[in-house]
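*Asks:* Following is a predicted model, sequence given first.
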Amino acid sequence: MAARVIDGKAVAAALRAEVAARAATLPYAPGLAVVLVGEDPASQVYVRNKERAAKAAGFASETIRLPASASQAELLALIARLNRDPAVDGILVQLPLPAGIDPQAVIRAIDPAKDVDGFHPDNVAALALGTPFLVPCTPRGVMKLLAAAGIAPRGARALVLGRSNIVGRPMAALLLAADATVTIAHSRTRDLAAECRRAEILIAAVGRAEMVKGDWVSPGATVIDVGINRTAAGGLVGDVAYAEAAAVAGAITPVPGGVGPMTIACLLENTLIAAAARR
Ligand SMILES: Nc1nc2c(c(=O)[nH]1)N[C@@H](CN(C=O)c1ccc(C(=O)N[C@@H](CCC(=O)O)C(=O)O)cc1)CN2
């Protein structure tokens, strides 16, 4: 039987509406500052979509664009200004940054109370210690998709394929906090296919187009595809060979229209959380 398709667009739209409704009850507009350095085409689209979504939710949103030639010192000075600005509740620096700028130095410069990406070491530590505050948007979105689809991580064997700071590691921490039995697999894992086949919940966040084949999926498993890979023809595919996997899985997210839309919806929710904690 074909897998149930988990509709990320619909879940994200519902979350955005909920965030907008909560924001409308506040005596102030939550403030989000998004910083884009350079002209990466995909980043420009994401940043535009973030600004649109923030405005639609009633937030005060500003996008600050710096040229690709901007120095790390200029970017750090901008972050210091945003840290001091009382109208700014959330600061996000779009990744990737141009070569020559150290992303870790930039992330560390953001006030952890305004770190709506959840990438600052203080927020990473809080998540690892089981006391989360601002949690990275994409894995947060995955947890919400699982909940919306009625899939409970408690006691389930979950496998996270990928160990990035943005997705893999925080994803594993969130699944562990939800009482799943978590394995992290990566490029050095022996027999990836066998590891994946053991999973009841399989999260693919490896950044390699259609790497997870249908015979890597256990019958009835839930498959969450975090990958966004552009094809030579200009289309988008995930990290999972969708048609093959959908024929075996119990539930699956598509690309596009799965995890991606949740990232921006969760950014709005994080901004609301940051604003509520500060004001
Ligand atoms: N500072 C950050 N940088 C980056 C993050 C992040 O969370 N914080 N994540 C990604 C990019 N990203 C948000 O910034 C993002 C990626 C994808 C989507 C999305 O809605 N995808 C759509 C397809 C869109 C398309 O056609 O390209 C989908 O999957 O349906 C939203 C946000 C890296 N950088």
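*Replies:* Okay, I see it.
*Asks:* List the buried residues in stretch 56-72.
*Replies:* The neighbour-count check on stretch 56-72 (16 or more other CB atoms under 10 Å) flags 57-59, 61-64, 66, 70, 72 as buried. Placement of C-beta: from N, CA and C, glycine included.
*Asks:* got it, and stretch 83-100?
*Replies:* By 16+ other CB under 10 Å, the buried positions in stretch 83-100 come out as 88-95, 97-98.
*Asks:* re the thing from before, just the buried residues of stretch 56-72: which are in helices?
*Replies:* Those of those mapping onto helices are Gln72, per DSSP state H.
*Asks:* near the ligand, from the buried residues of stretch 83-100?
*Replies:* The residues of the buried residues of stretch 83-100 that also fall near the ligand, by CB under 6 Å from any ligand atom, are 92-95.
*Asks:* Could you provide the buried residues of stretch 83-100 in JSON lines, with additional columns for secondary structure?
*Replies:* Output for these, formatted as JSON lines (DSSP: H, G, I helix; E, B strand; the rest coil):
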{"residue": "Val88", "secondary structure": "coil"}
{"residue": "Asp89", "secondary structure": "coil"}
{"residue": "Gly90", "secondary structure": "strand"}
{"residue": "Ile91", "secondary structure": "strand"}
{"residue": "Leu92", "secondary structure": "strand"}
{"residue": "Val93", "secondary structure": "strand"}
{"residue": "Gln94", "secondary structure": "coil"}
{"residue": "Leu95", "secondary structure": "coil"}
{"residue": "Leu97", "secondary structure": "coil"}
{"residue": "Pro98", "secondary structure": "coil"}
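*Asks:* Rebuild the ones next to the ligand among the buried residues of stretch 83-100 as JSON lines, extending it with pLDDT.
*Replies:* Converted to JSON lines, those look like this (pLDDT from 0 to 100):
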{"residue": "Leu92", "pLDDT": "98"}
{"residue": "Val93", "pLDDT": "98"}
{"residue": "Gln94", "pLDDT": "98"}
{"residue": "Leu95", "pLDDT": "98"}
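*Asks:* List just the nearest of the residues you listed to the ligand.
*Replies:* The shortest gap between the ligand and any of those belongs to Leu95, at 3.7 Å (CB to the nearest ligand atom).
*Asks:* Give me the neighbour count for the closest residue to that closest one other than its chain neighbours.
*Replies:* Ranked by CB to CB, 6 or more residues apart in numbering and with sequence neighbours excluded, the top spatial neighbour of Leu95 is Pro103, at 6.2 Å. By other CB atoms under 10 Å, the residues close to Pro103 number 14.
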